[in-house]
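In: test case, fold it:
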Amino acid sequence: MSERNQDMNEVFSLVYEELKRLASYIRRSHPGATLNTTGLVHEAWLKLQNSPSLQFESDAHFKAIAAKAMRQILVDAARRREARKRGGAGEAILVTLDASVGIKPTCDEEIIALESALHKLEEMSPRQAKVVECRFFGSMTVDQTAEALGVSASVVERDWRATKAWLGSVLN
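Out: Numbering: from 1, shown residues only. Below you'll find the model as predicted:
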């Protein structure tokens with residue numbers, strides 16, 4: 001086993017229960033998701049393990065990367081389900097903003113709309129997009145997000161407030 005794989009296995013073992021907790025939170029936020037919590041964690045692990053260029057600096061950084069992988073898996077699954085049921089009426093997509101976490105998409109259309117908005121945000125402000133990944137998809141605290149991104153907690157709080165407002169205007 002290569003040193004990189006051994007390091008990843010050690011970190012994964014250390015954060016496995018935390019990732020299951022995060023995946024459980026994400027699953028509760030996405031009632032239409034078809035993967036169970038363990039399946040989501042394992043899919044994310046396979047995605048990360050097969051990424052030859054993956055580098056992480058700390059447990060928090062690894063959690064942020066895992067959160068991104070879980071985001072991608074959920075979005076891909078939502079897109080597959082939506083592709084099967086094309087022909088919607090083009091209704092407005094509403095994503096509620098919750099004071100504690102921020103964004104709670106509840107159906108495939110909302111997950112896809114959030115993903116599209118996050119791609120736009122990444123073009124404008126990559127750090128703010130990473131804050132959303134950490135806070136929403138990774139269910140990380142402000143301090144954990146700050147550590148993962150290498151910024152102060154006040155920067156994360158400011159980015160989080162601004163991003164929630166921007167997402168609210170874009171998604172409604």
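
In: stretch 162-172: how far from the chain's middle?
Out: 17 Å (Cα atoms, centre = their mean, to the nearest Å).

In: okay, buried residues for that stretch please.
Out: Using 16 or more other Cβ atoms under 10 Å as the test for burial, stretch 162-172 gives 163, 164, 166, 167, 171. For glycine as for every other residue, the C-beta is placed from the backbone atoms N, C-alpha and C.

In: can you put those in JSON lines and add secondary structure, distance to residue 42 and pLDDT?
Out: As requested, those are exported to JSON lines (DSSP: H, G, I helix; E, B strand; the rest coil; distance: Cβ to Cβ, whole Å; pLDDT from 0 to 100):
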{"residue": "163", "secondary structure": "helix", "distance to residue 42": "29", "pLDDT": "91"}
{"residue": "164", "secondary structure": "helix", "distance to residue 42": "31", "pLDDT": "87"}
{"residue": "166", "secondary structure": "helix", "distance to residue 42": "33", "pLDDT": "88"}
{"residue": "167", "secondary structure": "helix", "distance to residue 42": "29", "pLDDT": "86"}
{"residue": "171", "secondary structure": "helix", "distance to residue 42": "30", "pLDDT": "80"}
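
In: so can I have CSV of the residues you listed showing distance to residue 82?
Out: Formatted as CSV, the buried residues of stretch 162-172 follow (distance: Cβ to Cβ, whole Å):
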residue, distance to residue 82
163, 25
164, 25
166, 24
167, 20
171, 16
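
In: can you show me the strands along this structure?
Out: 96-97, 103-104 (DSSP state E).

In: any idea which of those scores lowest on pLDDT?
Out: Per-stretch mean pLDDT for the strands of the chain is lowest at strand 96-97 (a mean of 40).

In: pull the helix or strand with minimum mean pLDDT from this protein.
Out: When each helix and strand of the chain is scored by mean pLDDT, DSSP states H and E, strand 96-97 comes last, with a mean of 40.

In: circling back: wait, which of the buried residues of stretch 162-172 is closest to residue 65?
Out: residue 163 (19.3 Å; Cβ to Cβ).
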